[in-house]
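Engineer: The following block contains a protein sequence and its predicted model.
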Number of protein chains: 2
Amino acid sequence: MARKSRRSLALPESAALPVTVTDVAKQAGVSPITVSRALHRPELVSKATRERVLEVVRRMDYRPNLLAGSLATSRSHLVAILLPTIANSIYANVVHTAIDRLTEAGYQSLIGPTGYSAEEETLLEAILGRRPDGIILTGTLHTPACRDRLANAGVPVVEAWDLSDHPLDIQVGFSHEAVGKQVAEHFLAKGCLRQAIVSVDDPRARRRNQGLKQALLDAGAPQMPEVILPLPSTWEVGRRGLATLLNTDPAPPDLVFCSSDTVALGVIAEASSRGLRVPQDLRVLGFGDTQNGRFAWPALSTVSVNSPAMGEQVALALLRRFAQQPTENRVDTGFELIERAST
Amino acid sequence: MARKSRRSLALPESAALPVTVTDVAKQAGVSPITVSRALHRPELVSKATRERVLEVVRRMDYRPNLLAGSLATSRSHLVAILLPTIANSIYANVVHTAIDRLTEAGYQSLIGPTGYSAEEETLLEAILGRRPDGIILTGTLHTPACRDRLANAGVPVVEAWDLSDHPLDIQVGFSHEAVGKQVAEHFLAKGCLRQAIVSVDDPRARRRNQGLKQALLDAGAPQMPEVILPLPSTWEVGRRGLATLLNTDPAPPDLVFCSSDTVALGVIAEASSRGLRVPQDLRVLGFGDTQNGRFAWPALSTVSVNSPAMGEQVALALLRRFAQQPTENRVDTGFELIERAST
DNA sequence: CTGTTAGCGCATTCAA
DNA sequence: TTGAATGCGCTAACAG
C-alpha cells in the first residue's frame, strides 16, 4: 500500500520509507492528529488510545520529523551559535556549557563560524534561514550590516563575552576595560611600574590593553612598549612578543600582560629559555580560563573570567526568553585576578 | 491585504510578517515556482523575468525559509557533528576544519554533545529528527543501540579519529595501536628502555598505551608503571601522574608517554619543579596537535595527527557522498612523531 | 520558458 | 475525547 508519490527511485527494501504520523495513525486506527497529541500532549488523549498509539509508535519505530514540526509551529528549537573558531578558542568553555544547558532543555545548537568576514553575510542568511529560536554571539560581527540584520531578525540575541554600550539585545559578559584597569592597579600597588603588553590583534584584547594603559597613565607610571601580533593566539606569539620587548627596550618590563593564557605560556617559555625567572624577575599575566579554573600553570597569573558561569547565564537568558519570562538584559559575570607564585 | 491566518497576536508593525515566495510572486506578477526557480535555478528562467523577480526579492527583503525548503526537497543541508566536548578538545581542530569546508559548500553544522552517556539516545533522536544529510562522529558512542541506530539511519556517517575493524560507514583516521607501537620502537632505538605512561581514561588513549606496551614486551624491555587518571585532560593530570610515577618506582622512567599535549605539559611542569631536566633526564611525549603544528613547546616531543588534513578528508568524504560520487570508505590520515630538544 | 497541481510531515483551529 | 479541514513555505512533476 504505497503512498502516492514518495520517491521516484526504486529503493532496496532495507531503505524503508520513513514512517510518518499518518502511517502510525492508520495502523492505530486513529487520525494523525491523535498520534501527534498522544506524543506531545498525552493529557488530551484517553488512556486507552494513548497506550494503543504509543504501542504502534514503538512497533513501527516512528521518528518524528522535526523539520515538519518546526514548519508547522514556527518554533525550530534551534539555537544558532556564532563564533570565530572552535579550535583553541577562548570561547569554547562558554559555548560548551551553553550547549549543554540548551540540549538538556530540548534545544539544538547550530554552529556558524564567523572567522571569515568576507562571507559573514552569506553565513548569517543561511543561519537565519533555519529560523533559529535564538542566537548566541561570542565573537564580534565585522560589518554593521550584519549587526543590523541580527537586530531586526526578530530573534532573541545574546551577546557573550562583553558588555558594550550598544547592545543588540541581551548581553552577558564583563567589561574588558575594567580588566585592564584592575590588573594595572593591582600590580602597581605591588610595585610593578614597568607593565608591558604582548597581545594578539583582537578588538577586545585591545580594549583590555587600553584599560591597562590608561590606568598606568593615570598613575603616572611609565608607558611601556606594546607588542601586537596577528592572530591566531599561539605560544609563538608569546615567545616572539617577549623577544621583541626585550630587544626593543633596554630596561626590561617587570610585568607582561598577555591577551590569553596561551600567549602567556609562550612568554614564560621565552623567559625561561633566556634565564629570566618567573615571577621573580618577570611577572606574567594571562587571560581567559584555558584550564577552566581547575589548575593553573605554575607562576602563571591570570585573569579568570568564569566561563562556565557565563555559559549558564547565556543559556538561561535564552531559555527565559523562550518561556516568555522576564529577563535581565545585562548580566555582568565579572572576572577574577588569580595570582600564582610557583610550583 | 493580510494573509488568512498568520499569527493571532497583533504585532507592532516593526515585526512585519516574514515575506514568502508567494508574496514575492504576487508583486512580481509571476507564480511562486518561478520565484523559486529564479533563485535556485536561474538558467530555467528568462533573463527578463529573472531580473524582475530578483529585483522584487531585493526590494521586499525576501529570506527563504530553509525549513520549508528542506521539508519539500528532503535535503536539509545539515550535517550533525557528535563530539564529547568542545572545550579543550583534542577534536576541535578537526571539527573546525570540517565545519569550514562544509559551510563553504553550503552545509550547516549541528553540534551534539555526547559527553553524557545517559542521554545519548535522546540526543541522537533529536539530532536525527532534523534529518541531517550527514553525520560526523568524533568521540565514541557509548551504547551499541546508538551505533545500530546510526548505522540504520540511512544517512552517511563519517567516523573520525580512528580506524577500527567495525566501521559504521566511512572512516577517516589512523590506528591508535600503531601510534603506541611506533613511539615505543622509535625511542627503544634511541636507548630509552624505561618507557612509562601517564594517561587519562579514554578508550583510544588506552589503545595507544596498549600498542606501546606490546611493543615494549616484544622487545623485551621492562614493563614500567602506567598511571591512568580520570578525565578531563588537564595539566594537573600530568603533574599528579608524574608525581605518582616517581613515588611508586624507585628507578625513574626515561620517557613518559602522555595521552595528550596538555597532560604532557603538566608532566613537564612537575619535572621542572623537581629539578628534572627535559629531555636530558626525562623525555616527555605528548599526543595531538594542540598548536596545530605551528609551534611546539620547547622540549615537548609529540605525536602530531594532522588534524586539518583529517578535517578536510572528513568534509570531503561527506561532500562526495552528497554528490553521489564514489568515495573512499577508509582514509588513513597517519601521524607523525615530532621530536624537540629544547629552546 | 512558465504555470498548475499536489505533496513534504506535522500541528492549529474549530467543530463534533 | 476525537477528527476534518487547512496551512506552514517551498518545490517536484507534469503540462502547456
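Structural biologist: That came through, no problem.

Engineer: so where's chain A uncertain?
Structural biologist: Across chain A, the ranges flagged by pLDDT under 70 are A:1-16, A:290-296, A:342-343.

Engineer: the strands in it, which residues?
Structural biologist: Here chain A has its strands, by DSSP state E, at A:78-83, A:108-113, A:134-137, A:157-160, A:170-173, A:195-200, A:226-229, A:255-258, A:283-288, A:300-304, A:330-332, A:336-338.

Engineer: Need the winner for burial among the ones you listed.
Structural biologist: strand A:255-258 (a mean of 30; mean count of other C-beta atoms under 10 Å in any protein chain shown). Every residue, glycine included, has its C-beta placed from N, CA and C.

Engineer: packing partners for it?
Structural biologist: Counting by 3 or more C-beta pairs under 8 Å, 6 or more residues apart in numbering or on different chains; DSSP states H and E, the packing neighbours recorded for strand A:255-258 are helix A:176-189, strand A:195-200, helix A:203-219, helix A:235-248, helix A:261-273, strand A:283-288.

Engineer: so can I have CSV of the ones you listed showing distance to B:A151?
Structural biologist: What follows is the helices and strands packed on strand A:255-258, written out as CSV (distance: least, C-beta to C-beta, whole Å):
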stretch, distance to B:A151
helix A:176-189, 48
strand A:195-200, 44
helix A:203-219, 44
helix A:235-248, 41
helix A:261-273, 39
strand A:283-288, 40
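
Engineer: could those be laid out in TSV, adding distance to DNA strand D?
Structural biologist: As requested, these are exported to TSV (distance: least, C-beta to the nearest atom of the strand, whole Å):
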stretch	distance to DNA strand D
helix A:176-189	40
strand A:195-200	41
helix A:203-219	35
helix A:235-248	45
helix A:261-273	43
strand A:283-288	41
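
Engineer: Which among those is found nearest to A:W161?
Structural biologist: helix A:203-219 (7.1 Å; C-beta to C-beta).

Engineer: now for the closest one, which elements pack on it?
Structural biologist: Applying 3+ C-beta pairs under 8 Å, 6+ apart, one finds that helix A:203-219 makes contact with helix A:176-189, strand A:195-200, strand A:226-229, strand A:255-258.

Engineer: need those in JSON lines with distance to A:A215, can you?
Structural biologist: JSON lines is the format used below for those (distance: least, C-beta to C-beta, whole Å):
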{"stretch": "helix A:176-189", "distance to A:A215": "4"}
{"stretch": "strand A:195-200", "distance to A:A215": "9"}
{"stretch": "strand A:226-229", "distance to A:A215": "14"}
{"stretch": "strand A:255-258", "distance to A:A215": "11"}
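
Engineer: can you tell me which of the ones you listed comes nearest to DNA strand C?
Structural biologist: Smallest distance to DNA strand C across these (C-beta to the nearest atom of the strand): 42.5 Å, for helix A:176-189.

Engineer: List the buried residues for that closest one?
Structural biologist: Neighbour-count burial for helix A:176-189, counted by 16 or more other C-beta atoms under 10 Å in any protein chain shown, picks out A:H176, A:E177, A:A178, A:V179, A:G180, A:K181, A:Q182, A:V183, A:A184, A:H186, A:F187, A:L188.

Engineer: Then stretch A:136-144?
Structural biologist: Result for stretch A:136-144 [16+ other C-beta under 10 Å]: buried residues A:I136, A:L137, A:T138, A:G139, A:T140, A:L141.

Engineer: try stretch A:271-280
Structural biologist: A:A271, A:S272, A:L276, A:V278, A:P279.

Engineer: ditto for stretch A:148-164
Structural biologist: A:R149, A:L150, A:A153, A:V155, A:P156, A:V157, A:V158, A:E159, A:A160, A:W161, A:D162, A:L163.

Engineer: now what about it, what contacts it?
Structural biologist: A:91, A:94, A:98, A:121, A:124, A:128, A:132-139, A:141, A:167-176, A:204, A:305, A:310, A:314, A:317-318, A:321-322, A:330, A:332, B:15 (C-beta atoms under 8 Å, 6 or more residues apart in numbering or on different chains).

Engineer: got the buried residues for stretch A:306-326?
Structural biologist: Judged by neighbour count using 16+ other C-beta under 10 Å, the buried positions of stretch A:306-326 are A:306-308, A:310-319, A:321-322.

Engineer: quick revisit: looking at the strands of chain A, which is nearest to B:G238?
Structural biologist: strand A:300-304 (14.9 Å).

Engineer: And the buried residues of stretch A:271-280, which is closest to B:C258?
Structural biologist: Relative to B:C258, the closest of these is A:S272; by C-beta to C-beta it sits at 20.2 Å.

Engineer: ok, for the closest one, nearest residue in space, not its chain neighbours?
Structural biologist: Leaving out its chain neighbours, the residue that sits closest to A:S272 by C-beta to C-beta, 6 or more residues apart in numbering or on different chains is A:V278, at 7.0 Å.

Engineer: That neighbour touches A:L265, doesn't it?
Structural biologist: No: at 10.7 Å, A:V278 does not count as touching A:L265 under the criterion of C-beta atoms under 8 Å.
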